[in-house]
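S.K.: give me the fold of what follows.
(one chain, ligands or ions: 1)
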Amino acid sequence: MGQFYGTRGPNPKPIRERMLALTKIGTDNECWLWRGHRIKRGGYGQISVKVNGRRTVRRAHKVAWELAHNTPVPAGLVIRHTCDVTNCVNPRHLILGTQVENLADMRAKGRGSPPPDLSGTKHPLSKLTPQKIKQARAWKAEGLTYTDIGKRLGVSRQCVSGAVRGLTYKRSTEATKCLKPIRF
Ligand SMILES: [Zn+2]
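M.R.: A predicted model of the protein is given here:
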């Protein structure tokens, strides 16, 4: 990933190393909380990087997604949290989306509400078994909305859409593949 980010300081470290040092890594399904600087508005983590020789500040979750997928975020798209925890940088909780989807989410949930407790088994991603994902895809094919499917399965719309589209879960019915960790 050196092609996207430079290093800084008297003892420059690769971006991946700096990210790991500033992240409280948990289990695959847990939120990995950012311990570095956070933007006041929204609470997103941020990290300073050098791009093409110029120092710039980037959002930590965006960098995490790019490192995990080894590609820059495509122009016009944003990185969304399936967990709604703004300072989470677990690549499994990060999906590509549009700004419109992001704003619709914020409106639906209401700004300023405290983040839900999503630790361990309380996390929505841990609720979707391969069978449920299969069922969700079948319902989606029948024309149900992500919201409806989410209500039926007891998970959020974001959780369902990520799983159905295979962004948060691999297109697989095997649990082992579903739980394949994504690291940055
Ligand atoms: Zn998370």
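S.K.: correct me, but residue 99 touches residue 79?
M.R.: No: counting by C-beta atoms under 8 Å, residue 99 does not reach residue 79; the two are 10.9 Å apart. C-betas here are computed from N, CA, C, even on glycine.
S.K.: neighbour count winner among these two?
M.R.: residue 79 (20 against 11; other C-beta atoms under 10 Å).
S.K.: what mean pLDDT would you report for the helix or strand where that one lies?
M.R.: Using DSSP states H and E, residue 79 falls within strand 77-81. Averaging pLDDT along strand 77-81 gives 91.
S.K.: cool, and stretch 138-148?
M.R.: Averaging pLDDT along stretch 138-148 gives 90.
S.K.: and that stretch, what's buried?
M.R.: Neighbour-count burial for stretch 138-148, counted by 16 or more other C-beta atoms under 10 Å, picks out 139, 140, 144, 146.
S.K.: repeat that for stretch 14-27.
M.R.: 15, 16, 18, 19, 20, 22, 23.
S.K.: wait, which of these is closest to the ion?
M.R.: Checking the buried residues of stretch 14-27 against the ion by C-beta to the ion gives residue 23 as the nearest, at 11.3 Å.
S.K.: residue nearest the middle of the protein, spatially speaking?
M.R.: residue 94 (1.4 Å; C-alpha atoms, centre = their mean).
S.K.: what is the burial count for the nearest residue to that one once chain neighbours are set aside?
M.R.: Spatially, and ignoring its direct neighbours in sequence, residue 94 is nearest to residue 65 (4.5 Å; C-beta to C-beta, 6 or more residues apart in numbering). By other C-beta under 10 Å, 24 other residues sit near residue 65.
S.K.: who does the helix or strand where residue 65 lies touch, helix- and strand-wise?
M.R.: Assigned by DSSP H and E, residue 65 falls within helix 60-69. Judged by 3 or more C-beta pairs under 8 Å, 6 or more residues apart in numbering; DSSP states H and E, helix 60-69 is in contact with helix 15-21, strand 46-51, strand 77-81, strand 94-98.
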